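Enquirer: Turn this into a structure:
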Amino acid sequence: MSVKKSIEHYQGINGRKKLNCAQSLIAGFSDDFTVEEKTIAAFASCGGGKAPEGRCGALHAAQYILGGAHTESAKKCEEIFTQSAGSVKCKEIRAQKKLPCPECVEKAAEFLEKCNANNRVGHK
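Expert: So this is what the prediction gives:
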């Protein structure tokens, strides 16, 4: 369900507020993980290649939820994401046209949902 909510937020459909890639991932999982509204707002600066080091905002948000880019789950998320997208950097992903932005959100959300189902990350 959280994957669907993340995509709906990114597209601004089904009564969901339209958000950037990073915010939509955070908002989509706000019921599953401890995420405050101010955190969603803070990720407004992470869309469109503006996440740290030019990274994909959806990947950056997923790694934030997983506890930072250095946890085992976050590293695995980055590995799987890179296999699909060809890079972790937004501009490179867009230039390759391998994975469009909505699918970046979906791929990162699918990984988070899988981790959540496996109880590998914290719950509310």
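
Enquirer: biggest helix in the chain by residues?
Expert: helix 101-117 (DSSP state H).

Enquirer: For it, give me every contacting residue.
Expert: The contact list for helix 101-117 (CB atoms under 8 Å, 6 or more residues apart in numbering) reads 2-3, 6-7, 10-11, 21, 24-25, 28-29, 32-33, 56, 58-59, 61-62, 65-66, 73, 76-77, 80-81, 84-85, 93-94, 99, 121, 123. For every residue, glycine as well, the C-beta is placed using N, CA and C.

Enquirer: Give me the pLDDT for Leu112.
Expert: Among the per-residue scores, Leu112 shows a pLDDT of 91.

Enquirer: Please read the previous query as pertaining to Val35.
Expert: We have a pLDDT of 85 for Val35.

Enquirer: Do I have it right that it meets Leu25?
Expert: No. Under the criterion of CB atoms under 8 Å, Val35 makes no contact with Leu25, lying 10.0 Å away.

Enquirer: Now the longest helix of the chain: buried residues?
Expert: By 16 or more other CB atoms under 10 Å, the buried positions in helix 101-117 come out as 101, 104-113, 115-116.

Enquirer: what's the answer for stretch 36-56, then?
Expert: Quick answer for stretch 36-56 (16+ other CB under 10 Å): Thr39, Ile40, Phe43, Cys46, Gly47, Gly49, Ala51, Arg55, Cys56.

Enquirer: Now do the contacts for the fourth one.
Expert: Under the criterion of CB under 8 Å, 6+ apart, the neighbours of Cys46 are Asn20, Cys21, Ala22, Gln23, Pro52, Gly57, His60, Ala61.

Enquirer: quick one: secondary structure of the last one?
Expert: For Ala61, the reduced secondary structure class is helix; criterion used: DSSP: H, G, I helix; E, B strand; the rest coil.

Enquirer: And for the protein, the residue most distant from the center?
Expert: Most distant from the centre of the chain: Gly15, at 20.0 Å, with distances by CA atoms, centre = their mean.

Enquirer: so what pLDDT did that one get?
Expert: pLDDT recorded at Gly15 is 95.

Enquirer: Good, we can wrap up now.
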